[in-house]
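S.K.: Have a look at this fold, sequence not included:
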């Protein structure tokens, strides 16, 4: 990926630096030709010739400095701009009539190359700084600047800032493209690994489940466990939670399960995919339905919501019986995340929750409602005797982020 990102960076920036190098050479030749064609217009031609000689040598010697952003250091930029500003300030000394005739300065348009180097290197803010110094130098050099002077100064200032802004946009696009390439590579690796798992581990687990069911006895229990592991692993593969790096290609099934079955989910302000915390519950008796895209919440909020789901499933196992089936539905809305846990058990008799709270048995209220209340959300429990129980957990995004 580093190699691919480097190729993208070269395609975006390298032409800009090459164009800048060509511009500096061409404008150097132009400034020298203006002097050679009409040296008599200078009252002190030796001043002009001396500066142009220094500028020419400087331009040719520093061509490697404008080859890329790494070589174009801050020290070089300061020195290069100093050469340009010195040429502007020496213009009245070489040509006393330059102030009255509003003619070109000694470096002429070569000065713009120094400003463009700032723009390409550091963006529009650096360009604004360099062009402002050039503007001040031009105004001081003219003494009594005319409208044309202000026009030229404003043109250089606006043009350099615009170019610097374009460079920043190009770099942002470059980073976006590099990220897209990284995601594409990770997706392809995940698909390859999913195919490998499907062709090996999942088929073996399915075979163990079928053979165990056919044999009966203890083998039937092993087959049931293999079936649960098959469902859990399929959930991991479909959710993109299976490790996708080359280093994890030889990871065992136990390591894959351990990746998501972490007793200490990450805490902190960073976002975490809620699906990875809920995937551990999927099995032969728990069906997990989730969006195809990550359900991102702050790590602490995701952990609390997952713990509330776990508490709801504990109640299903405790009160609905061993044969009960549970369903987890995850809904990701712009303003909130909703997780619904439903079971096909006998349901909760009317008034049972109120009686439990009155007797101090606050398992449901404390473990589920308390967690959601701390997140600024809510928990609603609906139970009909003989038709199962449904727990709806809502977490507003705005409150969950804070």
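M.R.: Received it, and whenever you're ready, just let me know what you need. Model, not experiment: these values are computed from the prediction.
S.K.: Could you list the low-confidence segments of the stretch 301-402 of the chain?
M.R.: For the stretch 301-402 of the chain, applying pLDDT under 70 flags the ranges 350-367, 398-402.
S.K.: All the strands of the stretch 301-402 of the chain, in order from the start?
M.R.: Here the stretch 301-402 of the chain has its strands, by DSSP state E, counting those that start in this stretch, at 326-332, 336-343, 378-383, 389-396.
S.K.: mind giving me a markdown table with these and columns for mean neighbour count?
M.R.: C-beta here means a position set from N, CA and C on the backbone, and glycine is covered the same way. Conversion of the strands of the stretch 301-402 of the chain to a markdown table gives the following (neighbours: other Cβ atoms under 10 Å):
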| stretch | mean neighbour count |
| --- | --- |
| strand 326-332 | 18 |
| strand 336-343 | 21 |
| strand 378-383 | 17 |
| strand 389-396 | 21 |
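S.K.: how about those in JSON lines, adding distance to residue 23?
M.R.: Formatted as JSON lines, the strands of the stretch 301-402 of the chain follow (distance: least, Cβ to Cβ, whole Å):
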{"stretch": "strand 326-332", "distance to residue 23": "51"}
{"stretch": "strand 336-343", "distance to residue 23": "54"}
{"stretch": "strand 378-383", "distance to residue 23": "64"}
{"stretch": "strand 389-396", "distance to residue 23": "55"}
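S.K.: for those, which one sits closest to residue 51?
M.R.: When those are compared by Cβ to Cβ, strand 326-332 sits nearest residue 51, at 66.1 Å.
S.K.: contacting residues around the closest one?
M.R.: By Cβ atoms under 8 Å, 6 or more residues apart in numbering, the residues outside strand 326-332 that reach it are 274-275, 278, 281-282, 285-291, 293, 295, 309, 313, 316, 320, 337-343.
S.K.: Each with direction, which strands does it pair with?
M.R.: strand 286-289 (parallel), strand 336-343 (antiparallel) (DSSP bridges).
S.K.: ok, how many other residues are close to residue 21?
M.R.: 19 (other Cβ atoms under 10 Å).
S.K.: Repeat that for residue 71.
M.R.: 12.
S.K.: Just to be sure, it is in a helix?
M.R.: No - secondary structure assignment (DSSP: H, G, I helix; E, B strand; the rest coil) places residue 71 in coil, not in a helix.
S.K.: which one is it nearest to, not counting chain neighbours?
M.R.: residue 65 (5.3 Å; Cβ to Cβ, 6 or more residues apart in numbering).
S.K.: and that neighbour, how far is that from residue 168?
M.R.: 21 Å (Cβ to Cβ, to the nearest Å).
S.K.: Which one of those two is surrounded by more residues?
M.R.: The neighbour comparison of residue 65 against residue 168 (other Cβ under 10 Å) goes to residue 65, with 19 against 16.
S.K.: Distance-wise, check the nearest residue in space to residue 339 that is not next to it in sequence relative to residue 210.
M.R.: Using Cβ to Cβ, 6+ apart and skipping the chain neighbours, the partner closest in space to residue 339 is residue 393 (4.6 Å). Distance, residue 393 to residue 210, by Cβ to Cβ: 36 Å.
S.K.: Same check on residue 217?
M.R.: 15 Å.
S.K.: Of those two, which one has the most company?
M.R.: residue 210 (13 against 8).
S.K.: Go ahead and list the helix or strand containing the more buried one.
M.R.: helix 203-215 (DSSP states H and E).
S.K.: what about the protein, any weak spots by pLDDT?
M.R.: Applying pLDDT under 70 to the chain flags the ranges 1-12, 96-102, 145-149, 190-207, 209, 230-269, 350-367, 398-402.
S.K.: Which helix or strand contains the spatially most central residue of it?
M.R.: With distances taken as Cα atoms, centre = their mean, the residue of the chain nearest its centroid is residue 179 (7.0 Å). Applying DSSP H and E as the criterion places residue 179 in helix 147-197.
S.K.: how deep is the residue nearest to residue 294 when sequence neighbours are not counted tucked in, by neighbour count?
M.R.: Spatial nearest neighbour of residue 294, excluding adjacent residues (Cβ to Cβ, 6+ apart): residue 273 at 4.2 Å. Other residues near residue 273 come to 19 when the count uses other Cβ under 10 Å.
S.K.: What of residue 136?
M.R.: Neighbours around residue 136, by other Cβ under 10 Å: 13.
S.K.: cool, residue 185 as well?
M.R.: Neighbours of residue 185 under the rule other Cβ under 10 Å: 13.
S.K.: any idea how far it is from residue 103?
M.R.: 58 Å.
S.K.: Run a quick neighbour tally on the residue lying closest to residue 346 once chain neighbours are set aside.
M.R.: Distance criterion Cβ to Cβ, 6+ apart; nearest residue to residue 346, sequence neighbours excluded, is residue 386 at 6.2 Å. Neighbours of residue 386 under the rule other Cβ under 10 Å: 8.
S.K.: now do the same end-to-end measure for stretch 84-104.
M.R.: In stretch 84-104, first residue to last residue: 13 Å (Cα to Cα, to the nearest Å).
S.K.: now swap in stretch 143-150 and tell me
M.R.: First residue to last in stretch 143-150 (Cα to Cα) measures 12 Å.
S.K.: gap between the residue nearest to residue 346 and residue 323?
M.R.: For residue 386, the distance to residue 323 - Cβ to Cβ - is 15 Å.
S.K.: Repeat that for residue 125.
M.R.: Following Cβ to Cβ, the distance that separates residue 125 from residue 323 is 68 Å.
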